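In: Here is my input; please provide its structure:
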Amino acid sequence: MDFNKLARMAARRLLKPLGAAVLGLVALVALPAAVQAQQPLTTILVVGDSLSAEYGLKRGTGWVPLLEKQLVAEKKPVKVVNASISGDTTSGGRSRLAALLSQYKPGIVVIELGGNDALRGLPLDMTEKNLTAMTQAAKKAGARVLLVGMQVPPNYGGAYAATFSGLFGKIAKAEKVALVPFFLKGIADVDDAPARFQADRIHPNQQSQAMMLANVWPELKKLIR
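Out: A predicted model of the protein is given here:
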């Protein structure tokens with residue numbers, strides 16, 4: 001009997017299942033990377049009013065679509081959901097936020113609301129409570145928050161204007177979230193401001209949308225991971 005041949009045959013029988021086990025281990029090690037590649041992109045949820053809903057503009061020219069283009073150009077693994085509604089107030093945004101968080105599960109929430117509260121002369125303590133509640137709800141859902149600040153013209157009264165513009169920073173500090181101090185910086189606070197707005201003198205024109213994005217982007221990009 002050829003004992004050497006028998007030994008070689010036995011060795012092959014032992015190594016065959018061992019080789020299969022090694023291949024299986026390699027597959028298990030590779031699995032997390034494959035799963036990770038299939039994970040959904042981070043979602044930026046924009047909850048705003050007409051300033052973000054392209055009021056009076058050609059579709060695709062507002063600051064939010066410009067943001068989408070910038071994210072693509074910079075190869076950021078992010079998608080954008082624009083849930084902005086013209087005329088919306090902080091009360092409206094607060095009432096629909098829970099459903100939006102549940103539906104889209106965003107990693108980042110941009111809250112751009114409050115301007116219509118001021119235009120309607122609504123109580124500022126209500127505006128503050130609504131924005132605070134929205135910020136807390138987004139954080140509880142696991143999202144990072146960017147609060148977009150607004151200002152009103154001085155003809156609303158110095159005290160009202162100062163309190164309104166200050167509440168955004170107050171909330172951002174208390175809740176430890178990111179802040180754009182003034183959404184329309186370089187648009188509404190310059191000498192040629194009328195040329196940067198539509199005929200209603202309320203909504204920035206198409207040429208101003210890039211500046212609006214420029215005001216948001218420095219703080220927003222810090223939240224993209």
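
In: and Leu213, how many neighbours?
Out: Neighbour count for Leu213, taken as other CB atoms under 10 Å: 18. (C-beta placed from N, C-alpha, C; glycine too.)

In: which SS class is it?
Out: helix (DSSP: H, G, I helix; E, B strand; the rest coil).

In: list the contacts for it?
Out: Going by CB atoms under 8 Å, 6 or more residues apart in numbering, Leu213 touches 63, 66-67, 70.

In: Correct me if wrong, but Leu97 is in a helix.
Out: Yes - under three-state DSSP, Leu97 sits within a helix.

In: I would like the residues contacting stretch 103-113, please.
Out: 42-49, 51-52, 78, 81, 83-84, 88-90, 92-93, 100-101, 130-131, 134-135, 138, 141-148, 183, 216, 220, 223-225.

In: make that stretch 57-64, sorry
Out: Here stretch 57-64 has contacts from 46, 52-54, 65, 80, 82, 84, 205-206, 209-210, 212-213, 216, using CB under 8 Å, 6+ apart.

In: again, but for stretch 140-150
Out: By CB under 8 Å, 6+ apart, stretch 140-150 touches 45, 48, 101, 105-112, 114-115, 118, 131, 135, 138-139, 164-165, 168-169, 171-172, 175, 177-184, 216, 219-220, 223.

In: what about it, start to end distance?
Out: 25 Å (CA to CA, to the nearest Å).

In: What of stretch 106-114?
Out: First-to-last residue span, stretch 106-114, CA to CA: 21 Å.

In: One more: stretch 204-212?
Out: OK, stretch 204-212 end separation, CA to CA: 9 Å.

In: pLDDT of it, averaged?
Out: On average, the pLDDT along stretch 204-212 is 98.

In: now do stretch 57-67
Out: 98.

In: can you map out the strands along this structure?
Out: Listed in chain order, the strands of the chain (DSSP state E) span 42-48, 78-82, 108-112, 144-148, 178-180.

In: any chance of those strands in TSV, plus distance to Arg196 and mean pLDDT?
Out: Formatted as TSV, the strands of the chain follow (distance: least, CB to CB, whole Å; pLDDT from 0 to 100):
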stretch	distance to Arg196	mean pLDDT
strand 42-48	19	98
strand 78-82	22	97
strand 108-112	18	98
strand 144-148	18	98
strand 178-180	17	98
